[in-house]
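Asker: My questions are about this predicted structure, shown below with the sequence.
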Amino acid sequence: MNAFYEEFSNRLVAALLVDFQEIFSLIQGETLYTMALIVDDRASAFYFALNTKEFAERKIVQDPDNKVCYEWEPDNWGYSDSSIQNCRLREVSDFLSENAPLHESFDDFEKNIHQEMIKAMLQLKRNNSELEHVFCFISVSDNSDTEKVEDNSSMILNSREMHEIFIDRFFTNQDFREKASKAWAKKDYVNYVRLIEKISDTLSDSEKKKLDYATQKIESA
C-alpha cells in the first residue's frame, strides 16, 4: 500500500468509528438492522447511514408502495451523518479531494477506494460485536453499478446466510417463484426451499406440497 492509501485508510477507519458511535446514539432504543458507507460516483465524497426496523416500518405504513426503498436504499433511511454536528467523514472527503493521486486511471482509483471502504466497514464490525447481525454494505450514489457494488461488498461484510437475504432484497414474489421453479427443475431442493419460503404466505396448494417434498428430501439426504 502506498503512502496515500495508507493515510487515507487510517483516516477513513478513524472517522467511521467515531461517526458510527455518534449516529448510533440517536437511535434511542430502536433496532438497528442495516448500515452503509456511501461514496459519490466521482469517488470524492462520503456519507454514512443507518436504519432501524422501527423507522422503516413507520415509513412503510405511510407509503407501502415503496417498501423496498425504505428498507434498503440509504437515501431513505432514518439516521445518517447529516444528523451529527462534527461529521469526521467530511474531513476524509476533503483529504481525498486535496490529495488524490493523479497518476492513476479513474477505474483503478475507484476500485481502490471501494476496497478501503470495505476494509473500514470490516474494522467497524470487529470493534462492535453488536453489529454481527446487522446488514452491512458499501454503495455508490447515482451509478449504474450501484447494486453490483452493494452485492459484492455484502458478500465480504456479512455472513453467508445474511448475504443470501441481502441479494434477494429487490425481488418481487414473481421473481422468487421463477427462481424457485428453476431450482425445482434442477432438483436443487436446498435453493428451492430457501426461495419459496420467502413467499410462504402466498403459496398455492401445489407449491406447499412441493415445499414439503423438498424439505423431506433435504432431511433424508
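Answerer: Ah, there it is.
Asker: For the spatially most central residue of the chain, name its beta-bridge partners.
Answerer: Against the mean C-alpha coordinate of the chain, by CA atoms, centre = their mean, the closest residue is Phe137 at 3.4 Å. Phe137 forms beta bridges with Ala36, as assigned by DSSP bridges.
Asker: Name all residues that make contact with it.
Answerer: Contacts of Phe137 were listed using CB atoms under 8 Å, 6 or more residues apart in numbering, and they are Thr34, Ala36, Met121, Glu150, Asp151, Ser153, Ser154, Leu157, Asn158, Phe166. Yep, even glycine has a C-beta here, placed from its N, CA and C like the rest.
Asker: one more time with 10 Å, if that's ok
Answerer: Contacts for Phe137 (CB atoms under 10 Å, 6 or more residues apart in numbering) come out as 34-38, 72, 74, 117-118, 121, 149-158, 163, 166.
Asker: Just the pLDDT for it.
Answerer: Phe137 is assigned 98 on the pLDDT scale.
Asker: begin at 361 from here
Answerer: In the new count, where the first residue is 361, that last one comes out as Phe497.
Asker: any idea how far Ile387 is from it?
Answerer: Separation of Phe497 from Ile387 (CB to CB, to the nearest Å): 19 Å.
Asker: pretty sure Ser442 contacts Ile398?
Answerer: No: using CB atoms under 10 Å, Ser442 is not in contact with Ile398, being 11.6 Å away.
Asker: More neighbours: which of these two?
Answerer: Taking Ser442 and Ile398 together and counting by other CB atoms under 10 Å, Ile398 has the greater number of neighbours (23 against 11).
Asker: Can you tell me the closest non-neighbouring residue to the more buried one?
Answerer: Ser499 (4.5 Å; CB to CB, 6 or more residues apart in numbering).
Asker: State the distance from that neighbour to Asp379.
Answerer: 16 Å.
Asker: repeat for Leu555
Answerer: Counting by CB to CB, the gap from Leu555 to Asp379 is 37 Å.
Asker: Please apply the same query to Phe469.
Answerer: With distances taken as CB to CB, Phe469 is found 23 Å from Asp379.
Asker: Over to Val553?
Answerer: For Val553, the distance to Asp379 equals 40 Å [CB to CB].
Asker: Show me which of these two is the more surrounded one.
Answerer: Taking neighbours as other CB under 10 Å, Val553 and Asp379 compare with Asp379 leading, 24 against 19.
Asker: CA atoms only: put the helix or strand harbouring Tyr573 into CSV for me.
Answerer: For Tyr573, the host element (DSSP states H and E) is helix 565-580. Taking Å, rounded to 0.1, in the frame of the first residue of the first chain, the C-alpha atoms of helix 565-580 are listed here in CSV:
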residue,chain,number,x,y,z
ASP,A,565,-51.6,-25.9,-2.6
SER,A,566,-49.2,-27.3,-5.2
GLU,A,567,-46.3,-25.1,-4.0
LYS,A,568,-47.0,-26.2,-0.4
LYS,A,569,-46.8,-29.9,-1.5
LYS,A,570,-43.5,-29.2,-3.3
LEU,A,571,-42.1,-27.4,-0.3
ASP,A,572,-43.0,-30.4,1.9
TYR,A,573,-41.4,-32.8,-0.6
ALA,A,574,-38.2,-30.7,-0.9
THR,A,575,-37.9,-30.4,2.9
GLN,A,576,-38.2,-34.2,3.2
LYS,A,577,-35.6,-34.7,0.5
ILE,A,578,-33.2,-32.4,2.4
GLU,A,579,-33.8,-34.0,5.7
SER,A,580,-33.3,-37.5,4.3
